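> Here is my input; please provide its structure:
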Amino acid sequence: MKLKNILCYVCVYLIGYVGLAQEGLPIYTDYLTDNYYLIHPSMAGAANCSKIRLTARQQWFGQDDAPKLLTLSANGRIGDSPSAIGGIVYTDKNGYHSQTGAYATYAHHLMFSRSEVDLNMLSFGLSAGFIQYQLDETSFLNGAPVADPIISGVVQSETNFNIDLGFSYHFLDFYAHATIKNLLNNSGVNNDIEITSNLRRYLISTGYVFNKYGSTWSFEPSVLFQYKEGTQEAIFDFNAKAYKQMDFGRLWGALSYRQSLDGAEYLTNSGTINSQKLQQISPIIGVNYNNFMFAYNYTHQTNSVVFTNGGFHQLTLGYNFSCRKERYDCECPAVN
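Okay, the predicted model is just below:
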């Protein structure tokens, strides 16, 4: 590859590198591992059980300082009331950038049906928390004198407060969610850059669970749309999920396809300018065994120009507790 091609690619990569490192809690496909609360605060306490979910994500095995993400979330109802609480802590390291965050959530669920047999529920949720950003510049200078006033040669750190709010609606086997994340402006450690000060992200997702009467199989197509206000990026997730009811619990699998509507240009070896849009495919397998849940998620980027051919691996462990009897006459795994 020619030097100018390499420099062009590195510049594009670094711009995305800085932006992603300060986006708040990253949104991958871990919400499909029975963890919609991770992206929608209104889903706190929506299910019959209180839930704990631990996820670990590793990108680009074999690469130094490859992105790593750990999240721990818990949510559940407050007794028999329609109110619920939840919490999320996470740490995300991306090269020289890292962030650590903690959120607390309050949600309220309104039943419109006369009984709990027919699911007709509107939910509201609000999350508030702090994110600490760090930029390690200690290796930038390598003993050389400071030539750029932007580079301090130390570990820069900044802590920001932010809030997420959203709502969910469940009607029998249908559901829809809408959430605004990072509602407030953000300073971070690059507060002179618009893409890191405005982290507002709009999420809309909807889906339906199909089940034939008497069958142990059910199928759930869904779609997630997200829009990043600061960078004006639009992304779609198209998901398909299948469940098999077993004596011990449930086996399930999913396939998610992510497509960005915005592309990036790059220079080819022949000197022509091409463009590509983010494309990812993520198969997921999981099992619910009694009150425990385990899932494995692999993400492969299908673009022709990538940083590495290695994929992204993610494990999710979960535990359900304080479970109540299934209340709704529907195949709605996120709620029942």
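
> quick one: contacts for the closest residue to residue 290 other than its chain neighbours?
The shortest distance from residue 290 to any non-neighbouring residue, by CB to CB, 6 or more residues apart in numbering, is to residue 249 (6.0 Å). For glycine as for every other residue, the C-beta is placed from the backbone atoms N, C-alpha and C. When the contact criterion is CB atoms under 8 Å, 6 or more residues apart in numbering, the partners of residue 249 are 287-290.

> Next: residue 159.
Per CB under 8 Å, 6+ apart, neighbours of residue 159: 130-133.

> List the buried residues in whichever strand or helix holds residue 168.
Secondary structure from DSSP states H and E places residue 168 in strand 155-171. Under the neighbour-count criterion of 16 or more other CB atoms under 10 Å, strand 155-171 has 156, 158, 160, 162, 164-171 buried.

> Can you pull out the low-pLDDT segments for the stretch 201-336 of the chain?
264-269, 303-310, 326-327, 329 (pLDDT under 70).

> which residue ranges form the strands in it?
Ranges of strands in the stretch 201-336 of the chain, per DSSP state E, counting those that start in this stretch, are 201-208, 210-211, 217-228, 233-245, 249-267, 273-289, 292-301, 312-321.

> can you dump the C-alpha coordinates of the last one into CSV?
Taking only C-alpha atoms (Å, rounded to 0.1, in the frame of the first residue of the first chain), the coordinates of strand 312-321 have been written out as CSV:
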residue,chain,number,x,y,z
PHE,A,312,-15.1,-8.9,18.1
HIS,A,313,-15.9,-11.5,20.8
GLN,A,314,-18.4,-10.9,23.7
LEU,A,315,-19.6,-13.1,26.6
THR,A,316,-22.7,-12.4,28.7
LEU,A,317,-23.5,-14.0,32.0
GLY,A,318,-26.9,-13.3,33.7
TYR,A,319,-28.9,-14.2,36.7
ASN,A,320,-32.6,-13.8,37.4
PHE,A,321,-33.9,-13.5,40.9
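
> circling back: relative to the next helix or strand after the strand holding residue 168, what are the paired strands and their orientations?
With elements assigned by DSSP H and E, the helix or strand that comes after strand 155-171 is strand 174-181. Here strand 174-181 is paired, per DSSP bridges, with strand 155-171 (antiparallel), strand 201-208 (antiparallel).

> Run through who's touching strand 174-181.
Outside strand 174-181, the residues that reach it (CB under 8 Å, 6+ apart) are 24-25, 36, 39-43, 125, 164-169, 199-208, 332, 334-335.

> okay, the angle between it and strand 217-228?
30 degrees (axes from the mean of the first three to the mean of the last three CA atoms, to 10 degrees).

> for strand 174-181, which positions count as buried?
Applying 16+ other CB under 10 Å to strand 174-181 flags 175, 177-179, 181 as buried.

> Take the residues you listed and lay them out in a markdown table including pLDDT.
Formatted as a markdown table, the buried residues of strand 174-181 follow (pLDDT from 0 to 100):
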| residue | pLDDT |
| --- | --- |
| 175 | 95 |
| 177 | 97 |
| 178 | 98 |
| 179 | 98 |
| 181 | 95 |
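
> Kindly reformat the residues you listed as CSV containing distance to residue 68.
Below are the buried residues of strand 174-181 laid out as CSV (distance: CB to CB, whole Å):
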residue, distance to residue 68
175, 31
177, 27
178, 30
179, 25
181, 21
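
> quick one on the thing from earlier: between the strands paired with strand 174-181, which one is closest to residue 256.
Of all the strands paired with strand 174-181, the one in closest proximity to residue 256, counting by CB to CB, is strand 201-208 (11.7 Å).

> returning to that earlier point: roughly how far apart are the residue nearest to residue 290 and residue 221?
To residue 221, residue 249 is 22 Å away according to CB to CB, to the nearest Å.

> Residue 98 now?
Counting by CB to CB - residue 98 and residue 221 are separated by 36 Å.

> Looking at those two, which one has more neighbours?
residue 98 (19 against 13; other CB atoms under 10 Å).

> Thanks again, I'm all set now.
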